[in-house]
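Enquirer: below are the sequence and a predicted model for it; my questions follow.
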Amino acid sequence: MNPEFKTVVALLLVGIVASLGKALFHLSSDADGSAAMVRALTVRIGLSVALFLLLAIGWYSGAIEPHALR
């Protein structure tokens, strides 16, 4: 697997976790932070879809090869 591809996947995963943490912060800290929480969760969904599409494109193009189960 290409090192740049691994870096992009890792950055997307970090972004997903950070967005989820931000949503948790807004959930626990403020009763009026619901708009910020929804925005953070929307960003998380967008990053998750981007990660899924990146993995699908990488697999289809041959940049990622699944391991054989034996």
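Expert: Yep, it's here.
Enquirer: return the set of buried residues in the helix or strand harbouring Ala50.
Expert: Assigned by DSSP states H and E, Ala50 falls within helix 34-61. By neighbour count with 16 or more other Cβ atoms under 10 Å, helix 34-61 contains the buried residues Ala36, Met37, Ala40, Leu41, Val43, Arg44, Leu47, Ser48, Leu51, Leu54, Gly58. All C-beta spots, glycine's among them, are computed from the backbone N, C-alpha and C.
Enquirer: turn those into JSON lines, including pLDDT and distance to Ser28.
Expert: Shown next, in JSON lines, are the buried residues of helix 34-61 (pLDDT from 0 to 100; distance: Cβ to Cβ, whole Å):
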{"residue": "Ala36", "pLDDT": "88", "distance to Ser28": "12"}
{"residue": "Met37", "pLDDT": "90", "distance to Ser28": "10"}
{"residue": "Ala40", "pLDDT": "92", "distance to Ser28": "13"}
{"residue": "Leu41", "pLDDT": "93", "distance to Ser28": "14"}
{"residue": "Val43", "pLDDT": "95", "distance to Ser28": "18"}
{"residue": "Arg44", "pLDDT": "96", "distance to Ser28": "16"}
{"residue": "Leu47", "pLDDT": "96", "distance to Ser28": "21"}
{"residue": "Ser48", "pLDDT": "97", "distance to Ser28": "22"}
{"residue": "Leu51", "pLDDT": "96", "distance to Ser28": "26"}
{"residue": "Leu54", "pLDDT": "93", "distance to Ser28": "31"}
{"residue": "Gly58", "pLDDT": "89", "distance to Ser28": "36"}
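Enquirer: output the below-cut-off pLDDT ranges for the chain.
Expert: Across the chain, the ranges flagged by pLDDT under 70 are 68-70.
Enquirer: against which helices or strands is the helix or strand that contains Val14 packed?
Expert: Using DSSP H and E, Val14 sits within helix 3-29. On a contact count with 3 or more Cβ pairs under 8 Å, 6 or more residues apart in numbering; DSSP states H and E, helix 3-29 meets helix 34-61.
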